[in-house]
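>>> with the sequence up front, the predicted model follows.
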Amino acid sequence: MERVLLSIDVDGYAAGCAAVRDADFREGLSGMMVSPMLVNGASDPVTPPSDGQALAALIPRARYLEFDGAHLFPMESAAEFTAAVLGFLDTP
C-alpha cells in the first residue's frame, strides 16, 4: 500500500481532493429512489462519521453503518465490511 501511495502524482491527487471537497450534491438527495448504504470509519479524520450521519439523514430509507478504523476502514475492518456489503446486496 505504501508503494502505491508514494507513486501517486501529487498534483493529480490534490486536484482530485479539491474536486471532491467542492462537490455538493445534497440538494437532490431527498429525491433518491433507491435505498443506499452509507458507510464510515469510526475514526476517519478525512470523512468524519458526522458527515456520513448528516448525509444519511437527508436520504429517505438510507442505511448508515460505521466500522472500526479510519479512512481505509474497508481494509481495517475487512470481514465486517464485506459481510455488511453482502448483506446489503442480498436485501430486496
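Here it is on my side, so go on.

>>> break down this structure into its helices, ranges please.
Secondary structure of the chain (DSSP state H): helices at 2-6, 10-22, 49-58, 73-76, 78-90.

>>> tabulate the ones you listed in a markdown table, adding columns for distance to residue 29, mean neighbour count and mean pLDDT.
Every residue, glycine included, has its C-beta placed from N, CA and C. A markdown table is the format used below for those (distance: least, Cβ to Cβ, whole Å; neighbours: other Cβ atoms under 10 Å; pLDDT from 0 to 100):
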| stretch | distance to residue 29 | mean neighbour count | mean pLDDT |
| --- | --- | --- | --- |
| helix 2-6 | 31 | 7 | 87 |
| helix 10-22 | 16 | 9 | 94 |
| helix 49-58 | 4 | 14 | 96 |
| helix 73-76 | 22 | 16 | 96 |
| helix 78-90 | 18 | 12 | 97 |
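
>>> can I get the ones you listed in JSON lines including distance to residue 30?
Shown next, in JSON lines, are these (distance: least, Cβ to Cβ, whole Å):
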{"stretch": "helix 2-6", "distance to residue 30": "36"}
{"stretch": "helix 10-22", "distance to residue 30": "21"}
{"stretch": "helix 49-58", "distance to residue 30": "6"}
{"stretch": "helix 73-76", "distance to residue 30": "27"}
{"stretch": "helix 78-90", "distance to residue 30": "21"}
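
>>> quick one: closest of those to residue 38.
helix 49-58 (4.9 Å; Cβ to Cβ).
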